[in-house]
Each structure stands twice: as C-alpha cells, then as structure tokens.
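Participant: Sequence plus the predicted model coming up.
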Amino acid sequence: MPPRVRSPAPAPDERAGGTAIVLAHGFTGSADKPAVRRAAGVFRRHAAVITFSFRGHGRSGGRSTLGDREVLDLASAVEWARALGHARVVTVGFSMGGSVVLRHAAVHGGRTDARPAARTDARSPGRADARTDARDARTDAVAAVSAPARWYYRGTAPMRRLHWVVTRPVGRLVGRYGLRTRIHDRDWDPVPLSPVESVPLIAPTPLLIVHGDRDPYFPLDHPRMLAAAAAARSGGSGPSAELWLERGMGHAENAADEDLLTRLAAWLVAPPAP
C-alpha cells in the first residue's frame, strides 16, 4: 500500500502552477498528528501543502525502514504535487523526515547531471536511487529540521531509547501498539547513504538546515556537520547550505513554533538564488 497523501484544498488567492510544499514528518509521526497539521496550517498561508504519512506510520501501509526506503514515499508525494499542476515543488522534513529530504534531494535535486553521483546505495532492489530518471520527483529547494547527520547515533538518552524500540522485538511491539508505528525487523543491507554524505550532492539546489540548541535527540554537532559538508562541496566559490540555529528550540515539528514555521515557509517559497 502506498503512503497516505493528503492534498488540502487550494486557498482562494492561490495561483495555479505556484509553489507546493511537501512536508515530511518525523519518526512516529503522521499526516494526522496535531504538530504536523499545525505546521501544514502555517505553511498553507504561503503556498499549497502536501502532507503524507510515511510507510508504517499512521494509516499508511507497510513497515518503517527508519528513513531508507522512505525516500521513495517522498518522491511519490513530490510527483503527486507536480501532477496537480505545481511547477515548483519544495520539501521540508523534520527529524527522520529531515534525513529523508536530504537523501531525496541528493538524488532528485535540480541539477540532473549530479544524480549519477548519488547512486551509492543503489545496490539493492527498490532503493530510491533506482528512480533517478523520474524528473517529476525533483525538488526545487529543501529544508531539513532537527535532522541527524549520521546513522546509528546513540549519544543521548532519547536516542538510546529509540534504538531499543527499533532493535528489540518487544520494542517493536511498543512501536506498533503504543506509537502506531510498524517497524521493519530487518537490518539495513546495504546501509543507505547517510545525510552528511548526501549533502554534498544537493548543490545547486537551495538547502536550509534548521536545528534547536536544546534538541534532546541530536546535539549541535549534527547540523554543523551537515553545514560543513555543504561548505566543503562549494569550496567557497559555490552555493552552500544556510544554517539556522534556533535558541531554546527542542526537537522537530513538536518544538517548531509559529514564528519558525512562518520563516521556514517564507524561505521555501523564495530561497536565496543558487
């Protein structure tokens, strides 16, 4: 079963063919969660919005692969936005969704000649990289909020608890019945391209990295590592990521206040020129 996609009705002043924002939620989230609906409501004041539930989350079918094959779900949502007539489609992701939008942008960015370089994790059937020729899945700008930079991070108590939920049979039962999230029981094979490995492949697509200085899951070395990877790619002569470190902010969509969501929407609708 494909991911569940919701397309809100157009605003009265929306022009056909304008920008659509595709919103990728975090782990254990869904299109129906209040924090996702709140974010979509703020974004809706600036552009059309597509929300969806990743596989294994909410009312979507399948099982979560913790950001691996979820890139395919995001690509489908972007294609749906373009099928509705939007010439410009941008992506914003929170936490796990942040890692997904980064990996998606590495494969489906604006520069088609960069896509073959992103085929690192195309060694297994069904990987997102198998769709590098799907031009309708390209993103025109990408924002990652509270995203991890690297896989298997266990440096904080919340991440150690999350690893318990993901790796233990009892933990997966907790995920299924307590968190409404069905988690795949197989290890990654092969390990997908990490967010920090993906970032250098995104240019010249505009990239925004947002992170709170009170994030209990991922400390500030994660967004700084992502921004450094983008800067190293540019070599000081090309586009690099814009980094916002938000004072007092916690983790992901639950911690994003209206002011931040408004600024995010404004950036997505009119990001700096590459």
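Facilitator: Done, it's in. Numbers count the residues shown, from 1 in each chain.
Participant: Next up, the contacts around Arg247.
Facilitator: Shown in contact with Arg247 (C-beta atoms under 8 Å, 6 or more residues apart in numbering): Asp213. The C-beta positions use only the backbone N, C-alpha and C, and glycine is treated the same way.
Participant: typed the wrong thing, it's Phe43
Facilitator: With C-beta under 8 Å, 6+ apart, Phe43 has these contacts: 21, 23, 49, 92, 261, 264-265, 268.
Participant: try 10 Å
Facilitator: Contact analysis of Phe43 by C-beta atoms under 10 Å, 6 or more residues apart in numbering lists 8, 20-23, 49-51, 90, 92, 261-262, 264-265, 268-269.
Participant: which of the residues you listed are buried?
Facilitator: Burial by neighbour count, 16 or more other C-beta atoms under 10 Å: within the contacts of Phe43 this picks out 20-23, 49-51, 90, 92, 261, 264-265, 268-269.
Participant: Identify those among these that sit within strands.
Facilitator: Per DSSP state E, strands hold the following members of those: 20-23, 49-51, 90, 92.
Participant: where do the strands sit along the stretch 51-200 of the chain?
Facilitator: For the stretch 51-200 of the chain, applying DSSP state E, counting those that start in this stretch gives strands covering 88-94, 142-145.
Participant: before we move on, back to that, identify the farthest-apart pair in the ones in strands among the buried ones among the contacts of Phe43.
Facilitator: Thr51 and Val90 (13.8 Å; C-beta to C-beta).
Participant: Quickly list what's touching both of those two.
Facilitator: 21-22, 43.
Participant: Among the residues you listed, which one lies nearest to Val199?
Facilitator: Val22 (18.9 Å).
Participant: May I have the residues that are in contact with that closest one?
Facilitator: Taking C-beta under 10 Å, 6+ apart as the test, what Val22 contacts is 5, 43, 48-52, 74-81, 86, 89-93, 97, 101, 104, 139, 142, 268.
Participant: now Leu173
Facilitator: 165, 183.
Participant: Could you shift the numbering so residue one becomes 2, and keep it that way?
Facilitator: Got it, the first residue is 2 from now on, which makes the last one we talked about Leu174.
Participant: Show the pLDDT at Ala142.
Facilitator: On the pLDDT scale, Ala142 is placed at 96.
Participant: isn't it right next to Leu209, touching?
Facilitator: Yes: Ala142 is within contact range of Leu209, at 7.6 Å (criterion: C-beta atoms under 10 Å).
Participant: if you count what's nearby, which of these two comes out ahead?
Facilitator: Ala142 (25 against 21; other C-beta atoms under 10 Å).
Participant: List the contacts of that one.
Facilitator: For Ala142, counting by C-beta under 10 Å, 6+ apart, the contacting residues are 20, 22, 89-93, 106, 110-111, 206-209, 268-273, 275.
Participant: Could you do Ala48 as well?
Facilitator: Taking C-beta under 10 Å, 6+ apart as the test, what Ala48 contacts is 12, 15, 19-22, 87, 89-91, 266-267, 269-270.
Participant: Mind doing that once more with 7 Å?
Facilitator: 19-22, 266, 270 (C-beta atoms under 7 Å, 6 or more residues apart in numbering).
Participant: try Asp69
Facilitator: Here Asp69 is in contact with 189, 193 (C-beta under 7 Å, 6+ apart).
Participant: confidence score at it?
Facilitator: 95.
Participant: Check Asp114 too.
Facilitator: 45.
Participant: cool, and Asp222?
Facilitator: 97.
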